[in-house]
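In: Sequence isn't available, so here's the structure alone:
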Ligand SMILES: NC(=O)C1=CN([C@@H]2O[C@H](COP(=O)(O)OP(=O)(O)OC[C@H]3O[C@@H](n4cnc5c(N)ncnc54)[C@H](OP(=O)(O)O)[C@@H]3O)[C@@H](O)[C@H]2O)C=CC1
Ligand SMILES: O=C1O[C@H](COP(=O)(O)O)[C@@H](O)[C@H](O)[C@H]1O
């Protein structure tokens, strides 16, 4: 395992919310090497003491002073401007004494120059590695340009593209559930599945990230990466083995089979929204306003043109300032082939559904029809019921803890390969081009609602049972 981590973007939102907390947990649990060293890098002209005071103020309430002391004992702060490769190399070459993992938690427009600076500093020579935050670029062309710079210096085996959803334990459980059960193996295809819903709803807003968000919107911030990775894990063919490349090969094939969005399909297959003033968790919140059309909500109907999934809609919904934080996958099965019960039962009938909740709590529910509540067998009592597996997982690690350990060890399984990123951008570009050509409007929704009224057909029914209301 490598023992030197260069953390770029060390003063950023992600670093303070997740990356330093992850490092604190890994140090607490003694999962890092004895001689582990952290070099924290950002543009701000801090010295060690000022950086420590700044970070202590942000994390202090959640951690004991001793834990922070242990982190700071291993951490040194270096100011460096990533847009100036020469200055960056001069500031950092002294850290090329050991193989390092450089983690770019910075905006993607800095990746290319950062890469040049790291190379000049001697920090990319094998077996050093480079970790890059999402989104990788803004569209296919910029992603390819970043990739060309990376490949001019690095081998693909040294490049770790993070999608932190892959580091979430319940996302890995989704794969286990799908691939470890005959019950699902037999029915995981178009003949038995009516639709698949993937929803990632957040109560959080854009707060503090307005500049970034205005350039990216929900489509590039969430769908290009997290949501398409979830789709790929659900829809891919079973890999021949559970190794890094077998899984990535299958994910790539599915992403490439996504039918490009066209302007004529955009009206039926997509909706965009932006939150306005409203109330979330009892608190009044301000709306997100920007002169350009930027969506904070997106609903999409995606189609996978292959034998397994032909004709099955995959509805992808993500939004900020929703009534509840909810990430879930809902697989809805087709009705039984022939209905044997009466018309009243038919009215009560619900499609079988597999509902996998990823966060905030983890549950698996299987919606079935039955008459178990009846005192004796009676077809008249047929009603919807649910097999409910509320999991009580051991305290979960932050997704970044797992991913940092994997990057330090050199395991790429939970990182995204170049061709997957390209396939995802290709589809996202088709959506943004279709929106542009069709003039797809960004519709307002009040903060604390499930998006604009037009989004209703994209939302799974189950949302009504999980707090908040369907619009
Ligand atoms: N925040 C989040 O929840 C998530 C963010 N991400 C991704 O992580 C990355 C970072 O996001 P986030 O932390 O929110 O961004 P922020 O804008 O909060 O932080 C950006 C960081 O980059 C540094 N930086 C900016 N320009 C330069 C430069 N020219 N030279 C050196 N350092 C520079 C900033 O340093 P300084 O402050 O000194 O200017 C700061 O530390 C992005 O790619 C984002 O998409 C991914 C998942 C979630
Ligand atoms: O990558 C991102 O993810 C977060 C949501 O992550 P979660 O683990 O809290 O579900 C999102 O808020 C952010 O906008 C996006 O950049």
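Out: Sure thing, it's come through. Just so we're clear, the structure is a prediction, and the values are computed from it rather than from any experiment. Ligands and ions are numbered 1, 2, ... in the order given.
In: Near residue 414, how many other residues are there?
Out: Counted by other C-beta atoms under 10 Å, the residues lying close to residue 414 total 23. To be clear about C-beta, it is placed using only N, CA and C from the backbone, and glycine gets the same treatment.
In: Not counting residues beside it along the chain, what's closest to it?
Out: Using C-beta to C-beta, 6 or more residues apart in numbering and skipping residues adjacent in sequence, the residue nearest residue 414 is residue 166, 4.3 Å away.
In: Please identify which residue in the protein comes closest to ligand 2.
Out: residue 221 (4.7 Å; C-beta to the nearest ligand atom).
In: residue contacts, that residue?
Out: With contact set as C-beta atoms under 8 Å, 6 or more residues apart in numbering, residue 221 has these partners: 135, 213.
In: where in the stretch 301-450 of the chain is pLDDT low?
Out: 372-380 (pLDDT under 70).
In: List the neighbours of stretch 32-43 that are in contact with it.
Out: Contacts for stretch 32-43 (C-beta under 8 Å, 6+ apart): 1, 3-12, 15, 23, 26-27, 51, 71, 74-82, 92, 95, 98, 408.
In: And that stretch, end to end?
Out: 27 Å (C-alpha to C-alpha, to the nearest Å).
In: Residue of this structure closest to ligand 1, please.
Out: residue 12 (2.4 Å).
In: Skipping adjacent residues, who's closest to that residue in space?
Out: Spatial nearest neighbour of residue 12, excluding adjacent residues (C-beta to C-beta, 6+ apart): residue 105 at 5.8 Å.
In: quick one: pLDDT of that neighbour?
Out: Among the per-residue scores, residue 105 holds a pLDDT of 97.
In: Okay, buried residues for the strand or helix carrying residue 253 please.
Out: Assigned by DSSP states H and E, residue 253 belongs to helix 244-256. Using 16 or more other C-beta atoms under 10 Å as the test for burial, helix 244-256 gives 244, 247, 248, 249, 250, 251, 252, 253, 254, 255, 256.
In: from those, which is closest to residue 206?
Out: residue 255 (26.9 Å; C-beta to C-beta).
In: check contacts around the closest one.
Out: Counting by C-beta under 8 Å, 6+ apart, residue 255 has contacts 228, 232, 420, 423, 424, 427.
In: Likewise for residue 293?
Out: Applying C-beta under 8 Å, 6+ apart, the residues near residue 293 are 272, 274, 441, 442.
In: Spell out which residues of the stretch 151-300 of the chain are next to ligand 1.
Out: Within reach of ligand 1 by C-beta under 6 Å from any ligand atom, the stretch 151-300 of the chain has these residues: residue 209.
In: picking up where we left off before, could you pick out the buried ones from the contacts of stretch 32-43?
Out: 3-12, 15, 23, 26-27, 51, 71, 74-75, 77-82, 92, 95, 408.
In: burial measure for the residue nearest to residue 246 when sequence neighbours are not counted, as a count.
Out: Setting aside the residues directly before and after it, residue 246 is nearest to residue 239 in space (C-beta to C-beta, 6+ apart), at 3.8 Å. As a burial measure, residue 239 scores 17 neighbours (other C-beta under 10 Å).
In: likewise residue 202?
Out: 18.
In: residue contacts, it?
Out: 318, 319, 320, 321, 322, 325 are the contacts of residue 202 under C-beta under 8 Å, 6+ apart.
In: same check, this time on residue 139
Out: 425, 428, 429, 432.
In: List the contacts of stretch 439-454.
Out: Here stretch 439-454 has contacts from 201, 205, 266-267, 270-280, 285, 287, 293-295, 297, 299, 317, 319, 321-323, 434, 455-456, 458-459, 463, 468-471, using C-beta under 8 Å, 6+ apart.
In: rewinding a little: would you report which members of the contacts of residue 139 are assigned to helices?
Out: 425, 428, 429, 432 (DSSP state H).
In: of the residues you listed, buried ones?
Out: 425, 428, 429, 432.
In: ok, which pair from those is furthest apart?
Out: Spanning the widest gap among those are 425 and 432, at 10.1 Å by C-beta to C-beta.
In: Let's have the contacts of residue 293 in a markdown table, adding distance to residue 367, neighbour count and secondary structure.
Out: Below are the contacts of residue 293 laid out as a markdown table (distance: C-beta to C-beta, whole Å; neighbours: other C-beta atoms under 10 Å; DSSP: H, G, I helix; E, B strand; the rest coil):
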| residue | distance to residue 367 | neighbour count | secondary structure |
| --- | --- | --- | --- |
| 272 | 30 | 26 | strand |
| 274 | 33 | 26 | strand |
| 441 | 35 | 15 | coil |
| 442 | 34 | 19 | strand |
